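A.B. asks: Turn this into a model:
(one chain, ligands or ions: 1)
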Amino acid sequence: MKRTKTAHSRAEAERRPDPRSGRGGPEGASVSAVGTPVRLSRLTMSSARSLESVLQVRRSVREYSRKPLTQDELAQLLWAAQGVTGPEGLRTAPSAGALYPLEVDVVIGDVDGLPSAIYRYKPDRHELVLTREGDQRRELRAAALGQDCVEAGAAIIALTGVYERTTAKYGERGIRYVHMEVGHAAQNVCLQAAALGLGAVVVGAFEDGRVKRVLGLARDEEPLSLLPVGRPL
Ligand SMILES: Cc1cc2nc3c(=O)[nH]c(=O)nc-3n(C[C@H](O)[C@H](O)[C@H](O)COP(=O)(O)O)c2cc1C
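C.D. replies: Next up is the predicted model:
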């Protein structure tokens, strides 16, 4: 499971901006058409709450006020899911063989200064790339058996998986590993939301094919978890 440092991974690390410094582009986002990269805001990397108190207070929250999320909050939530934390591209959540089968999309409806659209998080650059324009929350809710929280979230973080990245090395057992990993990433998001005083819930009840169409996923990529996030009422 150990990853050796290759010339390639060293070069990648050198190119990669440090999301804590905000280096490598203007802070905050300006957008956009499909394919446009959007630099996320600098990470705060601190919180008034201890890990223990965050674990104590985390609850599934399904109703939210209409106040938008800030870009800082969104950036922190996405980093918690799959942010890069090590020079060789290692991330906030463990991954079998460091193969990273998960991708992170975010369906944005109400985030300060960001047009409603679907974006893909690029962990290496701590950036978003716009993949589909417009507010897609209603469509996503319909794909999630009409669950209100999916339309009510200011943003919905969608964790998806490319099984082949892990099964190529581990065979059938790789499927189990991908499912474990989505749990790790989802819990990271829930804890980060709690630390920020936000509400989130894990949504696993949805029609795979419909979610896949809303997100515009490739054939080999499956939706695994939806995480609506908003300001608690
Ligand atoms: C894999 C998984 C799938 C879930 N799917 C849904 C869902 O589709 N809709 C929902 O409202 N809650 C869903 N939940 C949230 C659970 O209902 C919730 O975690 C549980 O009631 C315990 O409450 P707590 O999270 O506040 O501790 C899911 C949780 C997990 C772990």
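
A.B. asks: for the ligand, what are the nearby residues on this structure?
C.D. replies: Selection of the chain residues close to the ligand by Cβ under 6 Å from any ligand atom yields 59, 60, 62, 147, 201, 202, 203, 204, 205. From N, CA and C alone the C-beta is placed, and that goes for glycine too.

A.B. asks: what pLDDT does the fourth one get?
C.D. replies: Read that as residue 147. The model reports residue 147 with a pLDDT of 98.

A.B. asks: Could you do the third one as well?
C.D. replies: The score at residue 62 is 98. That number is its pLDDT.

A.B. asks: which residues touch the nearest residue to it once chain neighbours are set aside?
C.D. replies: Ranked by Cβ to Cβ, 6 or more residues apart in numbering and with sequence neighbours excluded, the top spatial neighbour of residue 62 is residue 149, at 3.9 Å. Taking Cβ atoms under 8 Å, 6 or more residues apart in numbering as the contact definition, residue 149 lies against 62, 63, 64, 201, 203, 228.

A.B. asks: Run a quick neighbour tally on the residue nearest to the fourth one when sequence neighbours are not counted.
C.D. replies: By that I understand residue 201. By the measure of Cβ to Cβ, 6+ apart, the closest residue to residue 201 outside its immediate chain neighbours is residue 60, 4.1 Å from it. Residue 60 has 12 neighbours, counted by other Cβ atoms under 10 Å.

A.B. asks: quick one: contacts for residue 60?
C.D. replies: Neighbouring residues of residue 60 by Cβ under 8 Å, 6+ apart: 200, 201, 202.

A.B. asks: What is the helix ranked longest in the chain packed up against?
C.D. replies: Counting by DSSP state H, the longest helix found in the chain is helix 173-195. Contacting helix 173-195 under the criterion 3 or more Cβ pairs under 8 Å, 6 or more residues apart in numbering; DSSP states H and E are the following elements: helix 51-57, helix 71-82, strand 102-108, strand 155-161, helix 164-170, strand 199-200, strand 222-230.

A.B. asks: Alpha carbons of that helix, in PDB - could you do that?
C.D. replies: Backbone C-alpha positions of helix 173-195 (Å, rounded to 0.1, in the frame of the first residue of the first chain) are rendered in PDB as follows:
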ATOM      1  CA  ARG A 173     -12.300  -6.500  -3.200                       C
ATOM      2  CA  GLY A 174     -11.600  -3.100  -4.700                       C
ATOM      3  CA  ILE A 175     -15.400  -2.600  -4.800                       C
ATOM      4  CA  ARG A 176     -15.500  -2.900  -1.000                       C
ATOM      5  CA  TYR A 177     -12.600  -0.500  -0.700                       C
ATOM      6  CA  VAL A 178     -14.300   2.200  -2.800                       C
ATOM      7  CA  HIS A 179     -17.400   1.900  -0.600                       C
ATOM      8  CA  MET A 180     -15.300   2.300   2.500                       C
ATOM      9  CA  GLU A 181     -13.700   5.300   1.100                       C
ATOM     10  CA  VAL A 182     -16.900   7.100   0.300                       C
ATOM     11  CA  GLY A 183     -17.800   6.700   3.900                       C
ATOM     12  CA  HIS A 184     -14.500   8.300   5.000                       C
ATOM     13  CA  ALA A 185     -15.000  11.200   2.700                       C
ATOM     14  CA  ALA A 186     -18.600  11.700   3.600                       C
ATOM     15  CA  GLN A 187     -17.800  11.700   7.300                       C
ATOM     16  CA  ASN A 188     -15.100  14.300   6.700                       C
ATOM     17  CA  VAL A 189     -17.600  16.600   5.100                       C
ATOM     18  CA  CYS A 190     -20.200  16.100   7.900                       C
ATOM     19  CA  LEU A 191     -17.500  16.900  10.500                       C
ATOM     20  CA  GLN A 192     -16.200  19.900   8.600                       C
ATOM     21  CA  ALA A 193     -19.800  21.200   8.300                       C
ATOM     22  CA  ALA A 194     -20.400  20.800  12.000                       C
ATOM     23  CA  ALA A 195     -17.100  22.500  12.700                       C
END
